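Q: Next come a sequence and a model predicted from it.
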Amino acid sequence: MKGVMLRSIQALRRRGSSSSTPILSRGYSSESSPERKVAVLGAAGGIGQPLALLMKLNPLVSQLSLYDIAGTPGVAADVSHINTRSEVTGYMGEDQLGKALEGCDVVIIPAGVPRKPGMTRDDLFNINAGIVKSLCTAIAKYCPNALINMISNPVNSTVPIAAEVFKKAGTYDEKKLFGVTTLDVVRAKTFYAGKANVPVAGVNVPVVGGHAGITILPLFSQATPTANLSDEVIKALTKRTQDGGTEVVEAKAGKGSATLSMAYAGAIFADACLKGLNGVPDVIECSFVQSSLTELPFFASKVRLGKNGVEEVLGLGQLSDFEKEGLEALKPELKNSIGKGIKFANQS
C-alpha cells in the first residue's frame with residue numbers, strides 16, 4: 001500500500017505542469033534538495049488541511065509551517081506523524097503568525113471563507129479581502145522575500161490587494177506574487193481529455209485571463225494532443241471550465257466548495273515554485289501575475305518560474321476567433337475586480 005501511495009504522489013508531481021512538454025520530476029532527494037520552509041496560512045480549513053497533507057508529501061519541503069486562527073495544533077500533530085522529510089509546526093492565533101512566517105521560502109494562502117450555494121466570488125470579497133490584507137501585512141514584515149501563492153478568493157481582487165499592501169511596506173516584488181489559477185488548468189485538462197478521448201496525463205491546456213467566471217479563458221485551440229472537436233464542444237468545454245467551481249458548490253449542496261481539487265492544484269503550483277527556486281529549468285505554469293500582455297495590470301498566462309519567482313511572462317500565442325472574443329469579453333469584468341482590490345487596499 002505504501003509503495004502504491006508513493007508512486008501515486010510521484011506521478012502527480014510529474015503530471016502537474018501546464019507547459020507544452022510535461023516536466024518530469026528531477027529526482028531530488030532529501031539529501032540533495034536545499035532546505036525550504038513552506039507556510040500554509042489557513043491550514044485548518046477545507047482547503048488548508050488536504051493542502052497541508054500534500055505539502056507534507058513533497059520531498060522538496062524541509063519545514064512545513066501550518067497557521068490558522070484556530071484548530072492548527074491538531075492538524076499539525078496529525079500531519080507530523082507522516083514519515084516524510086519535512087518537520088511540521090503548528091501555529092494558532094495572530095500572536096504566533098510572525099513565527100509561522102519567519103524564514104519562509106513559499107507562503108500559500110488558502111485562508112478565508114468558502115463559497116456557498118448562490119454566492120459569487122464577489123460575495124466573498126469583504127470578508128476575505130480583510131483577511132488577505134492582514135496576512136500580507138505580516139508577510140511584508142516577517143518574510144518579505146518569500147514567494148506568495150494566493151488561493152483566497154476572489155483571486156482577481158486579492159492579488160491586487162496583496163500587491164498594494166507590499167507596495168506600502170516597500171517590499172513589493174512583482175516576480176514573487178502569484179494568483180493560483182492552476183485549478184482552472186486542472187479542470188480544462190480533465191474536461192478536454194474526456195471529450196477528446198485521450199489519456200489525461202498527457203494533456204496540456206493553457207488557461208489565461210483571471211480566476212472567476214468569464215474571466216477564465218481556456219485556450220483549447222492550443223491544447224495538446226490536438227483533437228478535432230466541434231465549435232459547439234469547445235464552447236461547452238469553455239463554459240464548464242468557467243463554471244467548475246459552481247458545479248462543485250451545487251453538488252455539495254451547501255456543505256462545501258471545491259476544497260480537494262483546489263488543494264491538489266495548490267500543491268502542484270507550490271511544487272513548481274519550489275522546483276524553480278531550486279534551479280530546475282523550464283518550469284512553466286499558468287498564474288495570475290503582474291503583466292503587460294494586455295492593458296490590464298494583472299493577467300493570468302503561462303509564466304516561466306525560476307530562482308527569483310517569475311523569470312518570464314510568456315505570450316498568449318495564436319488565438320482562435322472564439323478565444324479572441326472571449327479575451328475582449330473578459331477584460332471589463334477583470335478590470336473591475338482588479339480595481340476593486342486596489343481600492344480596498346488603499347481605503348485604510
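A: Right, received. Where do you want to start?
Q: Tell me the helices and strands packed up against the strand or helix carrying residue 337.
A: Assigned by DSSP states H and E, residue 337 belongs to helix 321-345. Secondary-structure packing of helix 321-345 (3 or more CB pairs under 8 Å, 6 or more residues apart in numbering; DSSP states H and E): helix 125-142, helix 155-169, strand 207-209, strand 216-218, helix 231-242, strand 298-306. Where C-beta positions appear, they are placed from N, C-alpha and C, glycine not excepted.
Q: So for the fourth one, mean pLDDT?
A: The average pLDDT for strand 216-218 rounds to 98.
Q: Mind giving me the packing neighbours of it?
A: helix 182-196, strand 207-209, helix 231-242, helix 321-345.
Q: Could you do the fifth one as well?
A: In this structure, helix 231-242 packs against helix 182-196, strand 216-218, helix 321-345, with contacts taken as 3+ CB pairs under 8 Å, 6+ apart.
Q: hey, which of the ones you listed is tucked in deepest?
A: Comparing those by mean neighbour count (mean count of other CB atoms under 10 Å), strand 216-218 comes out on top with a mean of 28.
Q: quick one: it to chain centroid distance?
A: Mean-position distance between strand 216-218 and its chain equals 15 Å (CA atoms, centre = their mean, to the nearest Å).
Q: Adjacent strands (with direction) for it?
A: Within its sheet, strand 216-218 is paired with strand 207-209 (antiparallel), according to DSSP bridges.
Q: Name the surrounding residues that touch the strand it pairs with.
A: The contact list for strand 207-209, computed with CB atoms under 8 Å, 6 or more residues apart in numbering, reads 18, 181, 184-185, 188, 215-219, 241, 286, 299-302, 316, 326-327, 330, 334.
Q: Try it again at 7 Å.
A: For strand 207-209, the surrounding residues in contact (CB atoms under 7 Å, 6 or more residues apart in numbering) are 181, 184-185, 188, 215-219, 286, 299-301, 316, 330, 334.
Q: what's the closest residue in space to residue 172 that isn't next to it in sequence in contact with, if anything?
A: In space, and not counting its chain neighbours, residue 172 is closest to residue 166: 3.7 Å by CB to CB, 6 or more residues apart in numbering. Taking CB under 7 Å, 6+ apart, we find residue 166 in contact with 136, 140, 172.
Q: Need the three-state assignment for the last one.
A: Reduced to three states with DSSP: H, G, I helix; E, B strand; the rest coil, the structure at residue 172 is coil.
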